[in-house]
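A.B. asks: fold the following for me, if possible:
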Amino acid sequence: MQNKFRNMTLIFLIITLATACAPQPTQSSSLIGATAPEFVLDDALGEQTALSDYEGKPVLLFFHMAVG
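C.D. replies: Purely as a prediction, here's the structure:
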């Protein structure tokens with residue numbers, strides 16, 4: 001009887017620790033899926049490119065600090 005109680009206590013502690021250590025779900029940002037504001041940037045060729053030039057197409061922005 002004492003062995004059974006010890007085993008049940010041990011199982012309860014393991015489950016409690018596993019639950020407490022499990023990663024918690026994160027809330028999604030309210031900006032995901034939102035419309036980006038219009039902006040114009042210089043491209044690598046020195047010409048200006050607007051976000052609206054790519055309307056309806058997926059866009060990946062990569063910002064790199066130029067040296068020089």
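
A.B. asks: hey, let's count contacts and neighbours off CA atoms from now on
C.D. replies: OK.

A.B. asks: any weak-confidence spans in this protein?
C.D. replies: For the chain, applying pLDDT under 70 flags the ranges 1, 24-29, 67-68.

A.B. asks: all the helices of this protein, in order from the start?
C.D. replies: All helices of the chain, identified by DSSP state H, fall at 2-21.

A.B. asks: can you pull out the strands in it?
C.D. replies: 40-42, 48-50 (DSSP state E).

A.B. asks: can you redo the ones you listed as CSV with mean neighbour count?
C.D. replies: Conversion of those to CSV gives the following (neighbours: other Cα atoms under 10 Å):
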stretch, mean neighbour count
strand 40-42, 11
strand 48-50, 12
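
A.B. asks: nearest to residue 63, of the ones you listed?
C.D. replies: Each of those was scored for nearness to residue 63 using Cα to Cα, and the closest is strand 40-42 (10.8 Å).

A.B. asks: parallel or antiparallel, which strands does the closest one pair with?
C.D. replies: Looking at strand 40-42 with DSSP bridges, its partner strands are strand 48-50 (antiparallel).

A.B. asks: and residue 38, how many residues sit next to it?
C.D. replies: Close neighbours of residue 38, defined as other Cα atoms under 10 Å, add up to 8.

A.B. asks: isn't it up against residue 53?
C.D. replies: No - if you go by Cα atoms under 8 Å, residue 38 and residue 53 don't touch, sitting 10.1 Å apart.

A.B. asks: for residue 57, list the residues it contacts.
C.D. replies: Shown in contact with residue 57 (Cα atoms under 8 Å, 6 or more residues apart in numbering): no residues.

A.B. asks: distance check, it against residue 51.
C.D. replies: Applying Cα to Cα, to the nearest Å, the value for residue 57 to residue 51 is 10 Å.

A.B. asks: do residue 16 as well
C.D. replies: From residue 16 to residue 51 the distance is 50 Å (Cα to Cα).
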